[in-house]
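Visitor: based on what follows, work out the 3D shape:
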Amino acid sequence: MATKLRAQGAHVIMTRNNDVYKSLGERTRLSNRVQADAFVSFHFDSAPQDNLASGFTTYYYHKNQATKKLAKTVSANLTGLPLTNRGIDFADYYVLHRNHRPAILLEMGYINTTKDFRQIQNPTYQQKVVDDVERGLIQYFKD
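Guide: Below you'll find the predicted structure:
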């Protein structure tokens, strides 16, 4: 994702570049400190029971115009994926709630649902997510 956005001329700051844990506070403080134009957090969901839920969701917290527009625009561009787009939804996640910048959290499938997990592991699915999010961000910043 970062490589594609940089190729478009974006200044991308990663909260982490490897699998070393950074606290939620560290991630949010970085976004606020650099006054990020958009904060996008990628995740995979889990349901209380295996194979109970499927699909992906775009979450937001602040209902201001910029944040809700970011969520709607990115979600609308997540098209043609083999999982169901569950749309946008309000969520009180720390990285959203404590972020003073337009911020979304993408849950791109359920790790404990067989169908979703197959897609999550598939490089084609991963690339399609990257392409769609990139398209959504480009549209958001053009509008």
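Visitor: would you mark the buried spots in the longest helix along the chain?
Guide: Identified as the longest helix of the chain according to DSSP state H is helix 123-142. Residues of helix 123-142 classed as buried by neighbour count (16 or more other Cβ atoms under 10 Å): 125, 128-130, 132-137, 140. Bear in mind the C-beta positions are built from the backbone N, C-alpha and C, glycine included.
Visitor: would you pull up how far it lies from the middle of the chain?
Guide: Remark: helix 123-142 is offset 10 Å from the chain centroid, using Cα atoms, centre = their mean, to the nearest Å.
Visitor: what's near enough to touch the residue of the chain positioned farthest from its centre?
Guide: Seen from the C-alpha centroid of the chain, the residue lying at the greatest distance (Cα atoms, centre = their mean) is Gln49, 23.3 Å away. Contacts here follow Cβ atoms under 8 Å, 6 or more residues apart in numbering; on that basis Gln49 touches Asn112.
Visitor: now do Lys72
Guide: Contacts of Lys72 by Cβ under 8 Å, 6+ apart are Ile88.
Visitor: where does it sit: helix, strand or coil?
Guide: helix (DSSP: H, G, I helix; E, B strand; the rest coil).
Visitor: center of the protein, which residue is that?
Guide: A centroid search over the chain (Cα atoms, centre = their mean) returns Leu106, at 3.0 Å, as the residue closest to the centre.
Visitor: pretty sure that residue is touching Val74, no?
Guide: Yes. Assessed by Cβ atoms under 8 Å, Leu106 is found in contact with Val74 at 7.4 Å.
Visitor: overlap of the contact sets of those two?
Guide: Residues touching both Leu106 and Val74 (Cβ under 8 Å, 6+ apart): 40, 58, 133.
Visitor: could you dump the residues you listed into a markdown table with distance to Leu96 and pLDDT added?
Guide: Output for these, formatted as a markdown table (distance: Cβ to Cβ, whole Å; pLDDT from 0 to 100):
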| residue | distance to Leu96 | pLDDT |
| --- | --- | --- |
| Val40 | 11 | 98 |
| Thr58 | 11 | 98 |
| Val133 | 16 | 98 |
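Visitor: spatially, what comes nearest to Phe141 if we skip its sequence neighbours?
Guide: Excluding the flanking residues, the one nearest Phe141 by Cβ to Cβ, 6 or more residues apart in numbering is Asp37, at 7.3 Å.
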